[in-house]
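Student: here is a sequence together with a model predicted from it:
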Amino acid sequence: MADLTLASLYDVVRGVEQILGPFPVLVLAVDSQGRIVMSNEAARTAFGVAEVEMIDRPVTDFVPGIAWNQTAKNALSDSPQKPAVQRRRDGSAFPVEVHTSVHQLGDDKITFVALHDVTERLQADRSVRESQQTLDIVLAGLPAMVSAKDPDGLYEFINPFQAEVYGVDPAAAVGRDTADLLGAPGRPIDRMDRKLLAGDAVSRTEEERLLDAEGRQRRFLTTRAVLRDAKGIAQRLLSVSLDVTHGSVAEERLERLALIDDRTGLPNRIALRQVLGAQIRASRRDNAQLGAIVFSIDNLREIGTDLGEDARDGVLRRVAIRLGGLVAEDAVIARYDDQSFAVVASQIDGDGILEQESARLIARAGRTVTVAGTSVELKCRAGVALYPDNGIDADDLLRAAELAANERSGPTVVPIRRYADDMADRLRNRRDIEQGLRRDLEQDRFSVRYRPVLSLESRQTLGFETDLVDGDDTPIWRSTAAHEGSPLSIAEREGLIVPIGEWMIRRACTDAATWASPVPVAITLHAQQVHQPDLVEMVEDVLAETELAPARLLLAIDASVATEDPDLATGTLAGLAGLGLQLSLNDFGSCASSLMALRRLPIGSVTLGAPLVGALPADGDAVLVASAATKLAQTLDLSVRASGVETGDQLEFLKDRGCVAASGAAVGDVMTASAVAALLAQDSALAG
């Protein structure tokens, strides 16, 4: 540094500026007397002064706010100065941040003063502060609970509304979880938050019930959203909860709209059940009869396919208008399902009147309709039911009328007398089965049966397929295409598939976790389970509860489920695959479209279904389909299994085609969980 002179330093600064351009910082070099000895181009431009005019002038002429002590002889110390306001040559003011640095240059001390224009930064800071203040005002006045949690599920922030509901101070909530604030009622909230933070879901909306600080139960519609970084790692969980405890005028209007069919303007099925229920109560009180008619347009879907959705909706509206002009003023007309209407008629004097009314509706409401410039012939049918003969509540009465419509095969209405007794028996049977299913679920009376899956090469047991039986030992889970009136069909209609399916998965995993051999257990998912939004989370919870290794659980879906909604099937299977499960496709080769979607599905195996296998090897078409399906699966590196194998000839045929495993009567009988455990324990002992 001793060889460095002011002149050489000046040359260095000028040379660098010529190469790189002017520094974006104003620089002044000041001697120990506080006089300027050098400046850079940015400083001269900002102050509008030529270089020669700046030399030897006091630095305070240009930087009035600088802390300069002329008597100190040491000039400025190495330290940042407080922000100051400077003026450009045009007179405009601009804020600067002052930095100083003292260096020995020969016999003198030179202080370098750097002025950094902080206009943009201050504006940005002000904007952030204003935005924060605005956000704080909005969050404080918002009539909703708003909060943020960190990746560990601890609150970073809650707004005043949420603090008031919880009965806590907003600052006191920071760093604590909901259970810490509310006790036991907060645990479900924390569990849900942690599950969302740990999973792949982005957001979730659901209704919650909560006791507030006053002990009142309140309902909140809560939306949770996870903020993730570029790598998909959760950074924060935001929650917004709207208080929906008390209905407003707008909510009442929405509730009314929720009871109206948007295509026809008629009451929808929900409203129909409410009205019919009220009329049944009145008829019971007055000891009167009540009639229900289900009027269906059989070719409505065909019309939509041929002429488009607008034409289909036009037909619906025209028929709705016609029905309104054909029934009595006190009758109720409603939209029953996609292609049907329902008419509720009171003060019915005998079943003959109801049959005549239905025939009249078919003849007049079912006339040709002109839509989209085309005359459309309608194919209509109707079924009738009478209270209390065919049903004593709204559901039973409507089902009776619907079943009557389904049984109609001629141009006239099926007379009530022809099917009344049979219908009553069927309805009683359906009700008995439904109540039995609910009772078995509530009382834990279901049980799982296991059918061995055999390796066709080594003849060893590779695992077990599952079947569910009720309290009377009747199988109820064998087919997802159940016939009308079967336990599975009734479970589908009554919304019991999801809870029963969850029970089955939990029981099978619990059983498998006790087996001596780590063989997998295979369960076929029903279509309603695939549509279950929290299926992946439920399976993950079951595996954690039972401590079963994910690789020991094989979940399968039918090919028809995959082809009906391939995007949904792919997404659901991808989520399950992320847990480490084995995945398979049943009834492979049953439809060509399943082959098209196969490459998208994250599966490891396919299963030839029992109907196809049962036709082997005698049926030539079945041989072609089975051979082609097996070859295709092998090309895609998928193992091929077969179910419903009944004979040794079928086993040999499948083995020759490369099928690796099979189940069915030719392989082994259905077993209880205890029998499976005993068999595997024996095999393990022999192996040891």
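Tutor: That came in fine, so what should we check first? Since the structure is predicted, the reported quantities are computational estimates derived from the model, not experimental observations.
Student: ok, now which ones touch Met671?
Tutor: By Cβ atoms under 8 Å, 6 or more residues apart in numbering, the contact set of Met671 is 449-452, 464, 679. Every C-beta, even on glycine, is put in place using the N, C-alpha and C of the backbone.
Student: which pair in those has the greatest spatial separation?
Tutor: Farthest apart among the contacts of Met671 by Cβ to Cβ are Arg449 and Leu679. That separation is 13.7 Å.
Student: make CSV from the contacts of Met671 and add distance to Pro617, secondary structure and pLDDT to it.
Tutor: Shown next, in CSV, are the contacts of Met671 (distance: Cβ to Cβ, whole Å; DSSP: H, G, I helix; E, B strand; the rest coil; pLDDT from 0 to 100):
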residue, distance to Pro617, secondary structure, pLDDT
Arg449, 29, strand, 94
Tyr450, 28, strand, 95
Arg451, 22, strand, 94
Pro452, 23, strand, 95
Phe464, 26, strand, 96
Leu679, 30, helix, 88
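Student: which of those has the most neighbours?
Tutor: Among these, Phe464 has the most neighbours (other Cβ atoms under 10 Å), with 29 neighbours.
Student: JSON lines for the contacts of Met671, including distance to Ile333?
Tutor: Below are the contacts of Met671 laid out as JSON lines (distance: Cβ to Cβ, whole Å):
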{"residue": "Arg449", "distance to Ile333": "48"}
{"residue": "Tyr450", "distance to Ile333": "52"}
{"residue": "Arg451", "distance to Ile333": "51"}
{"residue": "Pro452", "distance to Ile333": "56"}
{"residue": "Phe464", "distance to Ile333": "53"}
{"residue": "Leu679", "distance to Ile333": "61"}
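Student: so which of those residues comes closest to Lys149?
Tutor: For the contacts of Met671, the nearest to Lys149 is Phe464 (42.1 Å; Cβ to Cβ).
Student: check contacts around that closest one.
Tutor: 450-453, 512, 519-522, 671, 676.
Student: from Val676, how far out is the closest residue to it other than its chain neighbours?
Tutor: Leaving aside its sequence neighbours, Phe464 sits nearest to Tyr450 (Cβ to Cβ, 6 or more residues apart in numbering; 4.0 Å). Using Cβ to Cβ, to the nearest Å, Tyr450 is found at 5 Å from Val676.
Student: check Val561 too.
Tutor: As judged by Cβ to Cβ, Val561 and Val676 stand 27 Å apart.
Student: equivalent analysis for Glu457, please.
Tutor: For Glu457, the distance to Val676 equals 22 Å [Cβ to Cβ].
Student: and the two? which has more neighbours close in?
Tutor: More neighbours surround Val676 than the other of Glu457 and Val676, with 24 against 10 (other Cβ under 10 Å).
Student: ok, the more buried one touching Val448?
Tutor: No: in this structure, Val676 is not within contact of Val448 by Cβ atoms under 8 Å, at 9.7 Å.
Student: what touches both of those two?
Tutor: With Cβ under 8 Å, 6+ apart as the test, Val676 and Val448 both reach Asp511.
Student: could you point out where the stretch 301-450 of the chain is predicted with low confidence?
Tutor: 349-351, 407-427 (pLDDT under 70).
Student: can you do 90?
Tutor: The stretch 301-450 of the chain contains residues with pLDDT under 90 at 301-314, 317-318, 320-332, 337-338, 345-377, 379, 381-436, 438-439, 441-444.
Student: now the helices: where do they sit in it?
Tutor: Assigned by DSSP state H, counting those that start in this stretch, the stretch 301-450 of the chain shows helices spanning 309-326, 351-365, 394-407, 416-442.
Student: most packed of those helices?
Tutor: Ranked by average neighbour count under the criterion mean count of other Cβ atoms under 10 Å, the helices of the stretch 301-450 of the chain are headed by helix 394-407 at a mean of 22.
Student: just the C-alpha atoms of it, please, in CSV.
Tutor: Provided in CSV are the C-alpha atoms of helix 394-407 (Å, rounded to 0.1, in the frame of the first residue of the first chain):
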residue,chain,number,x,y,z
ALA,A,394,-90.9,-42.4,0.4
ASP,A,395,-87.9,-44.6,-0.6
ASP,A,396,-89.9,-47.8,-0.7
LEU,A,397,-92.7,-46.2,-2.7
LEU,A,398,-90.5,-44.7,-5.3
ARG,A,399,-88.4,-47.9,-5.7
ALA,A,400,-91.6,-49.9,-6.2
ALA,A,401,-92.7,-47.5,-9.0
GLU,A,402,-89.2,-47.7,-10.5
LEU,A,403,-89.1,-51.5,-10.4
ALA,A,404,-92.6,-51.6,-12.0
ALA,A,405,-91.4,-49.3,-14.8
ASN,A,406,-88.3,-51.5,-15.3
GLU,A,407,-90.6,-54.6,-15.6
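Student: which other helices and strands contact that helix?
Tutor: When contacts are defined as 3 or more Cβ pairs under 8 Å, 6 or more residues apart in numbering; DSSP states H and E, helix 394-407 packs onto helix 269-286, strand 290-297, strand 340-346, strand 380-387, helix 416-442.
Student: tell me the angle the shortest one makes with strand 290-297.
Tutor: So the one you mean is strand 340-346. Calculated by axes from the mean of the first three to the mean of the last three Cα atoms, to 10 degrees, strand 340-346 forms an angle of 160 degrees with strand 290-297.
Student: got the angle for strand 340-346 vs helix 309-326?
Tutor: For strand 340-346 against helix 309-326, the angle by the same axes, to 10 degrees is 10 degrees.
Student: pairing partners for strand 340-346, with directions?
Tutor: The pairing partners recorded for strand 340-346 under DSSP bridges are strand 290-297 (antiparallel), strand 332-337 (antiparallel).
Student: in JSON lines, list the ones you listed along with mean neighbour count.
Tutor: Formatted as JSON lines, these follow (neighbours: other Cβ atoms under 10 Å):
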{"stretch": "strand 290-297", "mean neighbour count": "26"}
{"stretch": "strand 332-337", "mean neighbour count": "20"}
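Student: could you dump those to JSON lines with distance to Thr223?
Tutor: Formatted as JSON lines, these follow (distance: least, Cβ to Cβ, whole Å):
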{"stretch": "strand 290-297", "distance to Thr223": "39"}
{"stretch": "strand 332-337", "distance to Thr223": "31"}
